[in-house]
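> Sequence first, predicted model second:
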Amino acid sequence: MLFLVISTPAPTRPSEVREHRKNFWPWMQDKLDRGIARSVYPRIGRGAVVTFDVDSHETLHRLLNQWADAVPAEFAIYPLMEPESIIAFLNEDSAAA
């Protein structure tokens, strides 16, 4: 299951959470190495955009709680589809018409 997650960190002074932010990147690298995250991009200023590939909503929930422990944030979550899935869906839909 693919999800795009956009974080907006809690409004604190960046200097107050610098060490916590440093811990985020090794945590995220582990997720990239294990294939749980497909991509991660830091946002200008603060925050990040991550594409997670997880097996369940519970796994995503666990990841977001771990993330929020490192860097308290609000998350915008968008479910995604693989490009080939939407193409198959559209082709199936037109064949049924």
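Sure thing, it's come through.

> most residues in a single helix of the chain, which one?
helix 18-33 (DSSP state H).

> Could you list the buried residues of the following helix or strand past it?
Note on helix 18-33: by DSSP states H and E, the next helix or strand toward the C-terminus is strand 37-42. Across strand 37-42, burial judged by 16 or more other CB atoms under 10 Å covers Ala37, Val40. C-beta: built from backbone N, CA, C; applies to glycine.

> next SSE after strand 37-42?
Immediately after strand 37-42, counting by DSSP H and E, sits strand 48-53.

> give me the low-pLDDT residue ranges for the chain?
Where the chain drops to pLDDT under 70, the residues are 93-97.

> Determine how far stretch 86-95 lies from the middle of the whole chain.
27 Å (CA atoms, centre = their mean, to the nearest Å).

> What lies in contact with that stretch?
Met81 (CB atoms under 8 Å, 6 or more residues apart in numbering).

> Return the alpha-carbon coordinates of it using CSV.
Extracted in CSV, the C-alpha atoms of stretch 86-95 (Å, rounded to 0.1, in the frame of the first residue of the first chain):
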residue,chain,number,x,y,z
ILE,A,86,-4.6,2.9,-12.8
ILE,A,87,-3.8,2.0,-16.5
ALA,A,88,-5.2,-1.5,-15.8
PHE,A,89,-8.2,0.0,-14.1
LEU,A,90,-9.0,2.4,-16.9
ASN,A,91,-8.6,-0.4,-19.5
GLU,A,92,-10.9,-2.7,-17.5
ASP,A,93,-13.5,0.1,-17.2
SER,A,94,-13.5,0.8,-20.9
ALA,A,95,-13.8,-2.9,-21.8
